[in-house]
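Chemist: Need coordinates for the below:
(2 chains)
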Amino acid sequence: MDSSTLVENLFRWRNVKLFLNTVLLTLGVLLVDILLATPAAWLTTRSDIKYKRTFSILCVLPLAIPGYVMAYAILSLGGNNGIFLSIFGRSIHRINGYWGALIALSFYTTPYLFLNLRSALLGLDPSVEESARSLGYNQWRVFIYVILPQLRPAFYAAGLIICLHVLGDFGVVSLMRYETFSYALYVEYRLMFDHNYAAWLAIILLTITGCLLYTETHLLNRIELHRAGHGTTRSPVVIALQRWSIVGYFYLIGLFIIAVCTPALTVFLWLVRGFETSVLDGIFEAFTGSIGIAIPAALGCSLLAVPFSYINVRYATRLSNTIARIPYIIYAIPPLAFALSIIFFLPRTDGTVLVLIVACILHFLAEAIGPVRSPLYQVSPNIEEAARSLGCSPFMAFLRGLLPILFRGMLIATALVFLATMKELPLTLLLRPPEYETLAVNVWDYTEEAMFAEAAPYAFVILIFSAFFVGLLIRKEK
Amino acid sequence: MVKKRIKIVIYILVLFLILGKIQAETITLYSGRSKSLVEPLIEQFEKETGMDVKVSYANTTQLASKLLTEGEKSPADIFWAQDAGALGAVSKKGLFAELPDSILSKVPETFRHGDGLWIGTSGRARVLAYSSERISNNELPDSIFDLTQTKWKGKVGWAPLNASFQAFVTAMRGQIGDERTEKWLSDMKTNGTIAYPKNTPIIEALAAGEIDLGLPNHYYLFRFKKSNSKYPVAQTFFKVKDPGNLVNVAGIGLLNNSNNPENALKLIEYLLSAKAQQYFVSEVFEYPVIEGVIPNSNLLPLDELLEIVPKFDLNEMDDLEGTVKLLRRVGIM
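Modeler: Numbering: from 1, shown residues only, chains lettered A, B, ... in the order given. All right, here's what the predicted structure looks like:
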C-alpha cells in the first residue's frame, strides 16, 4: 500500500469514532470495576464476615471464563429464545452494544482489581489507621482518607491491566457489536496482504499504552507507603460489621451469582441440550495440556515479576522505570502479532511446548507485576538494611528479609497468570506443537462450529479446576 | 570384538533407516478446518494407510499468516483452508506446488484453482436464513437485491468481517461489477443492516428476534437443529443464479517445500474419495465436490445446486484486497 492511501486509511473519521468508543468503554469498565471490586476486597480482608477465603475464590472465578463465553452468556439471557423467557416466562431485551460490552468486560476484569486490592489491603499497616481513629476520624473517613490513598499502587497496576485488556479485546466487543479500536486492528490482521496498515494501527495502540504507562509512572513517583518508625507491621485489624454484615453477604453472593453463575448457567444449558459422552474422550488430554502450560507460565511470571518490581520500587530511576514497563509494552502487543513475530525469529517452526510457555510468560508477565509490587511499597527498606547489618550478603538479605513478605503477592500473581493462561487462545493456537491440545482451544473449536453442547464440558473443567487451583493458592497465604 | 562393533554399527544403521522411514511417513497438515469436524476423517486415513498425520489446527486466516511468515522454513506439507481467500493469498506468494492432473480431474472446474494450485474439498453455500416464526414463505425476498427494500429496514443481519461474506462480495463483483456491488453494499448499510462478527451470532439473533433475515453459510443452522429440532430458524436459496447463492469451497493445497509430497498427495486424494466426501455430506452437512455421493436429505443434490449457483471463477476469489477497499469505502469496515 502506498503512503497516501495509508494515511488516508489511518486518519479516517471511522478510526476517530472507534477511538472514542474505546475510550468510553475503557472509562466505563474502570469505573464499574472500582465500584465492584473495592467493597469486595475490603469485605474479604478487613471485615468480620465469615468464609472470607471462599468468597475470595468466588470473586476471582470470573477470570476463568473466556470473554467470548461471557458475551455469549449475556446475549443468551434476552430475546425470544432467551434464558429469561424460559425461566421467568417473560422475555427481556437482548443486552448488547455498549452496555453489553461494559457488563461482560467489567465482570471478567473485576478480579484483576480485586486481587490487587486484596493483596494491598492485607499488607496495610494498622497503626496508621489507629492513629487516625485516635485523632477523631470515624471508620468511613479512615477508609477514604487513610486506606484508599495507600491502595494507589494496587489501583494503578490493576487499572493499567484492565485498560490494556479493554484495548485489546475483540471477542467480547465483536459479539456485543460495539466497535472499538481493536475492531480495526483485528480486521486488518485478518487480511493477510496488508500488514503495513495493521502495523500502523498496532503502533497507535502501543502509543496509547505508552501514554498510560507514562501516567502511571508519574502517579507512582515518590509514593512511599512503608512505615517510617521502628518495629514491624502487625496484621490488620478486623472491623465488626454488626448489622451491616447481612449487606456484606448479600453483596458478595450477588456478585458471585451475576458474574459467575450467569455464564455457568448458560454453559450448563448448552450441556443439557445435547450432551454426548463421546466428547469427554479428549478432555483429559486437553486438561493436562492446559495445566502443562498454565502452571509453568504462572510460576515463571511470579518469579520474574520480583526483579522487575524490585528495581522499580527500590531504585526508581528513569532507566529502571523504563525496564519495569517493558512487560506492559509486550502485553499490549496484539497476541496474534506477537505470535507471528516469534515465528518469524524462530529457526525451526514446528513449535515446542517450551516456546509456547516462554511466549506466555513474556505476554502475561505484566499481570504478575502489580500484586508483587504492592507489598514492596509496604515494606520499609530498613528490613534489607537490618539484614545486611547482621551480616547477610545483598542477595541473602533479599532472600531472607524480603522474599517472605513478597510471598503473598507472588501467590496472587501466580493465580492471575494461571487463570489467564488457562483460557489463552491466540498464542496457543499458533505456537503449540501439532496435536497439542488445551481446554481453551477445544472450547473455541466447538463454539466456532456452533457445537455448544460439546464445548460446555471443556468450559466447565476450566472453571472447576481454576477454582480449585486458586483455592489452593489462597489457602497458602498467611 | 571387532565383529561385535560391526554388529553394533549395523544395528545403529538399521535403527536410523527405520527412524528415517518413520520420518518419511509423517505428514504435517495445517488445518484451518475445525478439529471437531475433520478429526475423525484424519484418523480414518491414518488407520487405513498407517501414516502419521501431524495436524496443527487453528483459524484459517491465522494459519495463512503463519505460512506466509514462515515461508520456506515451514514444516507444513499441506494447507487445508476453510475458504478460497486464504488459499488465494498463499498461492499468490508462490508457496503452493501444482497438483497432478490425476487429482485435479476428480473435481469440476468450478471448485478448483485455474492453474491447479489448490483444489476444493467440500462446498459451503451462502443462504438466506430467516425466522420461521415471523416470516412466512411467500414473504421471502426473491433476490439479494430485495434486501435493500424499506420493509427490511433494520431487519437483516450479515457478517462483513467474515471470510465467507467477503468471498461472496468478491464473487459478486465478478458477476455484476464493482459499481453495482458498491451500490448494493451502501444501500444495505443505509437500510440499517446489522453487522455480526460471524455466522453463528446471526442465527442466534434470528432466534432471539433481533432480526428477521440473515446471510450466513448454510451448515450452521443444522448444528442448532441437531440439539433442538424446533429451533425457530429456517433457510433457503434466492432465485436461480442470484449472486446471493454463491457456493464457497473449503480447499487444500500442497506446499512447494513439502518434504513428503507423495504421501501428502495421498491425503489430498483421500479427502476427494467417495468415502471422505460422503462424510462431509452426512456428518458435516457440506456439499460434495465429486459426483456419486448419496445426498443428505437436508441438502440439495450437487447437480441441482450447480444449476442455481451464479457463475463465478475461483481464480478471481483472491482479489480480497479489492473487496476490502470497497467495504472500507462504503464504511462497513
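
Chemist: Look at residue B:320 and say how many residues are nearby.
Modeler: Using other Cβ atoms under 10 Å in any protein chain shown, residue B:320 has 25 neighbouring residues. (C-beta placed from N, C-alpha, C; glycine too.)

Chemist: Can you tell me how far it is from residue B:166?
Modeler: 6 Å (Cβ to Cβ, to the nearest Å).

Chemist: ditto for residue B:117
Modeler: Going from residue B:117 to residue B:166 by Cβ to Cβ gives 20 Å.

Chemist: Also residue A:131?
Modeler: From residue A:131 to residue B:166 the distance is 65 Å (Cβ to Cβ).

Chemist: do residue A:18 as well
Modeler: If you measure residue A:18 against residue B:166 using Cβ to Cβ, the figure is 19 Å.

Chemist: Going by residue numbers, what spans are helices in the stretch 301-450 of chain A?
Modeler: Using DSSP state H, counting those that start in this stretch, the helices of the stretch 301-450 of chain A run over A:318-332, A:335-345, A:353-378, A:382-389, A:394-396, A:403-422, A:426-431, A:439-448.

Chemist: Would you mind writing the CA trace of stretch B:83-99 as CSV?
Modeler: C-alpha atoms of stretch B:83-99 as CSV (Å, rounded to 0.1, in the frame of the first residue of the first chain):
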residue,chain,number,x,y,z
ASP,B,83,-12.2,-20.5,2.3
ALA,B,84,-10.8,-19.6,-1.1
GLY,B,85,-9.5,-16.2,0.0
ALA,B,86,-6.8,-17.7,2.3
LEU,B,87,-5.8,-20.2,-0.3
GLY,B,88,-5.5,-17.4,-2.8
ALA,B,89,-3.2,-15.4,-0.5
VAL,B,90,-0.9,-18.4,-0.1
SER,B,91,-0.9,-19.3,-3.8
LYS,B,92,-0.2,-15.7,-4.7
LYS,B,93,3.0,-15.9,-2.7
GLY,B,94,4.1,-18.9,-4.7
LEU,B,95,4.0,-21.3,-1.8
PHE,B,96,1.8,-23.9,-3.4
ALA,B,97,3.0,-26.6,-5.8
GLU,B,98,0.9,-27.5,-8.8
LEU,B,99,-1.3,-30.5,-8.2
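
Chemist: Any buried residues in it, and which?
Modeler: Neighbour-count burial for stretch B:83-99, counted by 16 or more other Cβ atoms under 10 Å in any protein chain shown, picks out B:83-92, B:95-97, B:99.

Chemist: Helix or strand: which one has residue B:80?
Modeler: Element membership of residue B:80 [criterion: DSSP states H and E] is strand B:78-81.

Chemist: next one: the helix or strand following that strand to chain centre, how far?
Modeler: Toward the C-terminus, strand B:78-81 is succeeded by helix B:84-92 as the next helix or strand (DSSP H and E). Centre-to-centre, helix B:84-92 and its host chain are 12 Å apart (Cα atoms, centre = their mean, to the nearest Å).

Chemist: Show me what helix B:84-92 packs onto, helices and strands only.
Modeler: Secondary-structure packing of helix B:84-92 (3 or more Cβ pairs under 8 Å, 6 or more residues apart in numbering or on different chains; DSSP states H and E): helix B:60-70, strand B:78-81, helix B:163-190, strand B:247-254, helix B:320-330.

Chemist: what residues does it touch?
Modeler: If you take Cβ atoms under 8 Å, 6 or more residues apart in numbering or on different chains as the criterion, helix B:84-92 is touched by A:192-193, B:32, B:60-61, B:63-64, B:67-68, B:79, B:81, B:96, B:113, B:117-118, B:163, B:166-167, B:170, B:248-249, B:251, B:253, B:314, B:317-320.

Chemist: Skipping its backbone neighbours, what lies nearest the residue in the stretch 1-150 of chain A positioned nearest to chain B in space?
Modeler: Closest to chain B within the stretch 1-150 of chain A is residue A:79: 2.7 Å, counting by Cβ to the nearest Cβ. Of all residues not flanking residue A:79 in the chain, residue B:208 sits nearest, at 2.7 Å (Cβ to Cβ, 6 or more residues apart in numbering or on different chains).
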